[in-house]
Structure formats: C-alpha cells, structure tokens
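Visitor: Build me a model:
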Amino acid sequence: MNNSMINSSVSMHSLQQKLDILSNNIANVNTTGFKKKEASFEDVLTNVKSQPEGFRQQGRFSPLGFNQGWGSKLVQIQTNLAQGPIQSTGNVTDFAIQGDGLFEVAVSKVDGNGNQVFQPAWTRNGAFSLTPDATGDTVLATKEGHFVTGVDGKLIRVPAGLRPVVEANGTINGYSEQDPSAAPMNLGQIKLVRVVRPQLLQDAGDNLYSLPAGITEAEKANILQNVNPGLDTTNNRVTLMQGFLEQSNVTLADEMTDLVMVQRALQLNSRAITSSDQMMNFANNLRA
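Guide: Numbers count the residues shown, from 1 in each chain. I've put the predicted structure just below:
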C-alpha cells in the first residue's frame with residue numbers, strides 16, 4: 001500500500017468521527033441546556049523525505065527534502081460551555097444558569113448487592129419539576145426523575161402549599177399560597193458547581209455529565225469547584241435565573257458549514273484512494 005492510500009484511509013477514519021460529532025450537535029439543536037462538542041486533531045506522523053543531491057541546483061532556495069504526512073487523528077473531544085440563548089418560560093421550576101456552572105443531581109443506581117444508591121451527576125438542563133415523595137411533600141427533580149441536590153447534600157423539599165422563590169445564588173424561600181403575608185420559609189439552596197476543565201467531563205446520557213472513575217477529591221476539585229454558599233465575586237460569576245431556560249448553544253449554520261467541509265474532505269480522500277488504486281493497477285499491468 002502506497003503512502004497516499006495510508007494517508008487517506010487514516011484521515012477518513014478521523015473525518016468519520018468528526019461527522020458523528022457534528023451529527024450529534026445538529027440532533028440536539030433544540031435540546032434544553034445542551035452544550036456542543038468540538039473535536040481537535042493532530043498529525044499522526046510527519047517525516048522528511050530526502051531528495052537526491054542532484055536536485056540541488058543553482059538558484060534553488062528551498063532545502064532538499066519535503067514533509068511527508070501520514071494522516072490525522074482525533075485527539076480530544078471537548079465540551080463547549082459557551083452561554084446559550086436564554087428563553088423566558090414563566091414556570092417557577094425552570095432555571096437557567098449564567099456562567100460556567102452546572103446543577104448537581106443525584107442519579108439512582110443499583111449496586112452489586114441489589115441496594116439503591118445515589119451517585120452525583122451534573123447537568124445544564126434546568127427544566128425541573130416537583131415530584132411527590134413518600135412523606136407527602138414534593139422534591140425538586142429533573143424530567144427524568146433525578147433529584148436535584150442542595151448544598152447540604154440533601155434533596156430540595158417543597159412542602160405542599162408553598163410557592164418556591166429562588167434567588168440568584170440558589171437560595172430557595174417558600175411563600176404560603178394561602179397566607180401571602182406569612183414570613184417565607186427557607187427550603188435550602190440549590191447546589192451549583194463551576195466547571196474548570198470541561199474536557200475532563202464525561203457524557204452520562206440524558207444530558208448529564210459525570211467524572212472519570214476512580215478520581216480522588218483533590219483531582220475532582222481541579223475539574224469542578226463549588227460555587228455555594230454565597231455568590232461568586234469573580235468575573236466568571238455563576239448565578240441562577242428562575243422562570244427561564246437556557247437553550248442549546250449549537251448554531252445550526254456553523255454546524256452545517258462544518259458538515260459540508262467534512263463531506264468535501266471525505267470526498268477528496270476517497271478520490272485519492274481511487275487514484276492510488278488505479279496507478280497501482282497500471283503498474284501491475286506493465287509489460288517489458
């Protein structure tokens with residue numbers, strides 16, 4: 001197999017991975033809180049092909065030899081946490097995050113002994129709802145049934161007859177619907193985390209993110225940092241907006257432009273393989 005066939009076949013594999021990423025972005029253009037994925041590539045190997053000394057002619061300024069590549073490979077898929085458009089819904093259980101923050105939720109799992117355990121996960125989708133529990137109260141949960149976590153590690157409970165009002169730092173106060181003049185009741189505070197290294201987050205399905213297995217608390221702190229309690233005072237402050245939802249940050253025009261470019265690159269590499277095959281066929285059929 002000649003160099004052009006190797007180069008093209010390796011590049012086509014990477015382009016196919018890029019095509020899958022673009023397809024996933026386009027499919028989630030209307031998914032609430034979705035963050036698009038971006039791919040990074042690098043050369044597999046580059047060496048210098050030497051040329052005969054006879055190529056050194058008077059007046060030639062370029063050095064002997066030329067760079068020879070062997071295709072490119074996908075080295076990283078990173079989540080782009082750029083802010084998406086904010087849309088008003090008027091729903092008291094809808095929340096939008098401003099800044100590089102995530103909600104923490106508790107995902108129910110079954111361990112090896114058959115017991116129910118809760119594992120932390122993180123999401124940007126703030127389309128929550130109030131779900132009844134066994135105590136007669138309602139708890140704040142995602143549409144998929146994952147419970148929203150408070151800063152104390154417990155669930156956010158909203159007793160019946162109270163209307164939740166959430167401040168910018170995630171603090172929830174419950175106001176009586178029967179007695180508007182009654183003092184509000186503190187119901188807890190929604191836990192928010194800031195993403196420091198989004199490239200280390202892993203997709204867990206249902207628009208959720210998780211951390212790599214076996215990670216330590218010190219390593220976790222280098223990926224996610226707690227924002228609560230209190231507001232963050234840095235330039236990258238993370239705040240909440242009640243009654244709003246953040247839309248996907250996928251721009252369809254940009255994704256379609258990249259899609260056309262990937263398709264053209266696939267077409268070019270496919271023609272390179274076809275041309276190399278034809279030249280090898282001509283060489284095999286040569287007669288002295």
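
Visitor: so what strands line up beside the helix or strand harbouring Gln189?
Guide: Under DSSP states H and E, the secondary-structure element containing Gln189 is strand 185-189. Paired with strand 185-189 in the same sheet, following DSSP bridges, are strand 171-176 (antiparallel).

Visitor: Quick one: distance of the helix or strand containing Glu255 to the chain centre.
Guide: Taking DSSP H and E as the criterion, the element that holds Glu255 is helix 252-284. For helix 252-284, the distance from its own C-alpha centre to the chain's C-alpha centre is 29 Å (Cα atoms, centre = their mean, to the nearest Å).

Visitor: Using neighbour counts, pick out the buried residues of it.
Guide: Within helix 252-284, the residues that count as buried by 16 or more other Cβ atoms under 10 Å are Glu255, Asp258, Leu259, Val262, Ala265, Leu266, Asn269, Ala272, Ile273, Ser276. For glycine as for every other residue, the C-beta is placed from the backbone atoms N, C-alpha and C.

Visitor: the bottom helix or strand of the protein by mean pLDDT?
Guide: strand 46-49 (a mean of 63; mean pLDDT, DSSP states H and E).

Visitor: Tell me where the model's unsure across the stretch 101-250 of the chain.
Guide: 134, 228-236 (pLDDT under 70).

Visitor: Helices of that one, residue ranges please.
Guide: Assigned by DSSP state H, counting those that start in this stretch, the helices in the stretch 101-250 of the chain fall at 217-221.

Visitor: helices or strands up against the helix holding Glu255?
Guide: helix 3-27 (3 or more Cβ pairs under 8 Å, 6 or more residues apart in numbering; DSSP states H and E).

Visitor: tilt between the following helix or strand past the helix it packs on and helix 252-284?
Guide: Where DSSP H and E defines the elements, the next helix or strand beyond helix 3-27 is strand 37-43. Strand 37-43 runs at 30 degrees relative to helix 252-284, counting by axes from the mean of the first three to the mean of the last three Cα atoms, to 10 degrees.
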